[in-house]
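Participant: I would like to see how this sequence folds:
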Amino acid sequence: MYKEWLIPILQFSSRRKWFFFALVCAGVLLLLPPPATLSREGMATLAIVLFSVICFVTEPIPLPTVPLLIAVLQVLTGIARPNEVARSFMSDAVFFIMGSLMLAVALVKQNLDKRLALLILRFTGPKVERVVFGVIAVSALVSSVIGGHTVAALMLPVVLSLIRLASDKPDQIRNLTTLLLLSIAYGGNVASLGTPSGGARNAIMIDYLDRLYGVQVSYFQWVKFAYPLALVQIPLLWVVLLRTFPPERRDLSEALRTLQHQVQAAGKLHGNDWLAIGIFALTFLLWMTASTTFGLGTIALLGVSLYLVCGLVRWEDLNNNVNWGVVLLYAGALSIGIAMRKTGAAQWVAETFVTFLQVPGLSDVPLFFAIGGLTIVMANIMGQGPAVAVLGPILLSMAEISHTSLLAAGFMTAFAASIVKLTVIGAPPCAIVYSSGYLRGGDFLRGGWRMTLLSWGLLLLFRYFYWPLLGLSP
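Facilitator: A predicted model of the protein is given here:
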């Protein structure tokens, strides 16, 4: 008789072994006495972060369950009151993710994704290697000006059209699917460091340098130091992704022919198509010119509202085709990031990490190694913008104390925050492509660790060999 209830328990435990492992790790951390400079709440926050990271990487439970548990654990451990946790789950960034996913559905509804996909294929040709390079290059170059989040929202429906035309059985082209989707996410990330307008973290660092130390950075000066680094990473990313996910198919000629027939059957753009393009163009223009006043999220929701008012998309379409779990994932990431700042956990990690690697008697290499490494880790856990917001003052202060270049420390921090390729929650482009439903959390780790090391190494090489040519002390 005991087997009747024991076997299901064993099977359940086997399927959820990483979940229980994450709980045990978090529990052990909670039971340890906190360091003298870290509060009990800060220790609890680090325990939740550890639990979340293990679950994000191993996926022992559905990923949207993790942010739900983040909310519950914050209350149970006394980090914040229920209403505080609820407020931390909502922000303009969450509105932006939600609005971007809705806009993508509206574009697909008008078949504009197929027209854009055909345009890209006509430029690159049907060979998969060239298509992948085209997706990476377009995502990278455009995101360097307007940010990876906007580009991901635009490119996702385009790439999904290619995937669906390539095969009606996604399991048979899993590598190709992963390759194309990560090309959007990583392409946007590697080049978003190129200009001050490429991401919020860039603007945050410029503000810190000016307000805290009176060091002013012009738009052109930023481009001189950053854009070559962005360009060098594009071919490297192309090679790394192709070797990590060798595609099952090398030619998309059949998909190109099908796409041509579908676009021809749809005929020329008509009134509703032009109206849909106009609404997206207006949304895009407002993102470019008014996001600092109204917020990216509010503008995205305005665009969605216009699509609904004009009858270009139905609420049922949005309700059925938006991956609401991704919205929850990003909200949970922001919430734990807020908790890390509030409890002092982020500052404690930063100071401990940097102090540990700053070896007396050596050059500033350990310091910049620490700045890059710590920023990469924190950005993958709590997001690019929040990581720079939290670490910026701390790392700039460490550079000042060490008598090293404040400008170099600022660039290193902001540029390292763009190396977010290991988790779903680190950057909006990663969350947006994950919403397709074709990716697993582990795909980001598998596809990103090599490029993370390469990008980090390139950043250090630029610091000591390229930046001195521009007059920055080595």
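Participant: only C-alpha atoms from now on, for both contacts and neighbour counts.
Facilitator: OK.
Participant: domains of the chain?
Facilitator: With domains defined by automatic domain parsing, the chain comprises 1-88, 92-200+215-323.
Participant: now the longest one: how far from the chain's centre is it?
Facilitator: In terms of Cα atoms, centre = their mean, to the nearest Å, the gap separating the centre of domain 92-200+215-323 from the centre of its chain is 14 Å.
Participant: still on that earlier bit, let me have the domains of the chain in CSV, extended by mean neighbour count.
Facilitator: Below are those laid out as CSV (neighbours: other Cα atoms under 10 Å):
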stretch, mean neighbour count
domain 1-88, 16
domain 92-200+215-323, 19
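Participant: now tabulate these in CSV and tack on mean pLDDT.
Facilitator: Below are those laid out as CSV (pLDDT from 0 to 100):
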stretch, mean pLDDT
domain 1-88, 84
domain 92-200+215-323, 81
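Participant: go through those and name the closest to residue 471.
Facilitator: domain 92-200+215-323 (10.5 Å; Cα to Cα).
Participant: ends of that closest one, what's the gap?
Facilitator: Counting by Cα to Cα, to the nearest Å, you get 18 Å between the two ends of domain 92-200+215-323.
Participant: do the same with stretch 436-445
Facilitator: Taking Cα to Cα, stretch 436-445 runs 18 Å from one end to the other.
Participant: run through who's touching it.
Facilitator: 56-59, 156, 160, 177-178, 182, 323, 421-424, 433-434 (Cα atoms under 8 Å, 6 or more residues apart in numbering).
Participant: among the residues you listed, which are located in helices?
Facilitator: 56, 57, 58, 156, 160, 177, 178, 182, 433, 434 (DSSP state H).
Participant: from those, which is closest to residue 276?
Facilitator: After measuring these against residue 276 - Cα to Cα - the closest member comes out as residue 156, at 16.8 Å.
Participant: export the domains of the chain to CSV and append columns for distance to residue 458.
Facilitator: CSV is the format used below for the domains of the chain (distance: least, Cα to Cα, whole Å):
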stretch, distance to residue 458
domain 1-88, 26
domain 92-200+215-323, 8
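Participant: of these, which is nearest residue 348?
Facilitator: Proximity to residue 348 (Cα to Cα) singles out domain 1-88 among those, at 6.5 Å.
Participant: ok now stretch 30-38, how far from the chain's centre?
Facilitator: How far stretch 30-38 lies from its chain's middle: 31 Å, per Cα atoms, centre = their mean.
Participant: show the end-to-end separation of that stretch, please.
Facilitator: Span of stretch 30-38 from end to end, Cα to Cα: 12 Å.
Participant: equivalent analysis for stretch 191-204, please.
Facilitator: End-to-end distance for stretch 191-204, by Cα to Cα: 17 Å.
Participant: repeat that for stretch 210-230.
Facilitator: Start-to-end span of stretch 210-230 (Cα to Cα) is 24 Å.
Participant: and that stretch, how far from the chain's centre?
Facilitator: Remark: stretch 210-230 is offset 22 Å from the chain centroid, using Cα atoms, centre = their mean.
Participant: same thing with stretch 51-60?
Facilitator: With Cα atoms, centre = their mean as the basis, stretch 51-60 stands 17 Å off its chain's centre.
Participant: now do it: everything it contacts.
Facilitator: For stretch 51-60, contacts defined as Cα under 8 Å, 6+ apart pick out 15-19, 22-23, 25-26, 61, 63, 66, 70, 381, 423-424, 440-442, 445.
Participant: ok, residue 203 to residue 44 distance?
Facilitator: As for residue 203, its distance to residue 44 is 31 Å (criterion: Cα to Cα).
Participant: can you list the helices and strands that the host helix or strand of residue 240 packs against?
Facilitator: For residue 240, the host element (DSSP states H and E) is helix 219-244. Packed against helix 219-244 by the contact rule (3 or more Cα pairs under 8 Å, 6 or more residues apart in numbering; DSSP states H and E) you find helix 128-146, helix 174-191, helix 441-461.
Participant: and the last one with helix 219-244, angle?
Facilitator: Compare the direction of helix 441-461 with that of helix 219-244 by axes from the mean of the first three to the mean of the last three Cα atoms, to 10 degrees and you get 130 degrees.
Participant: name the residues of helix 441-461 that are buried.
Facilitator: In terms of neighbour count (16 or more other Cα atoms under 10 Å), helix 441-461 has its buried residues at 441-448, 450-452, 454-456, 459-460.
Participant: what angle do that helix and helix 174-191 make?
Facilitator: Orientation check (the same axes, to 10 degrees): helix 441-461 against helix 174-191 gives 40 degrees.
Participant: what about helix 441-461, average pLDDT?
Facilitator: Regarding helix 441-461, the rounded mean pLDDT is 87.
Participant: run the chain-centre distance for it.
Facilitator: With Cα atoms, centre = their mean, you get 13 Å for helix 441-461.
Participant: and for stretch 78-86?
Facilitator: 26 Å.
Participant: got the CA positions of it in PDB?
Facilitator: The C-alpha coordinates for stretch 78-86 follow below in PDB (Å, rounded to 0.1, in the frame of the first residue of the first chain):
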ATOM      1  CA  GLY A  78       9.500  41.100   6.900                       C
ATOM      2  CA  ILE A  79      11.300  42.900   4.200                       C
ATOM      3  CA  ALA A  80       8.200  45.000   3.300                       C
ATOM      4  CA  ARG A  81       4.500  45.300   4.100                       C
ATOM      5  CA  PRO A  82       2.000  43.900   1.700                       C
ATOM      6  CA  ASN A  83       1.000  47.300   0.200                       C
ATOM      7  CA  GLU A  84       4.700  48.200  -0.300                       C
ATOM      8  CA  VAL A  85       5.300  45.000  -2.200                       C
ATOM      9  CA  ALA A  86       2.300  45.500  -4.300                       C
END
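Participant: re the thing from before, export the helices and strands packed on helix 219-244 as CSV, with columns for distance to residue 240.
Facilitator: Converted to CSV, these look like this (distance: least, Cα to Cα, whole Å):
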stretch, distance to residue 240
helix 128-146, 11
helix 174-191, 10
helix 441-461, 7
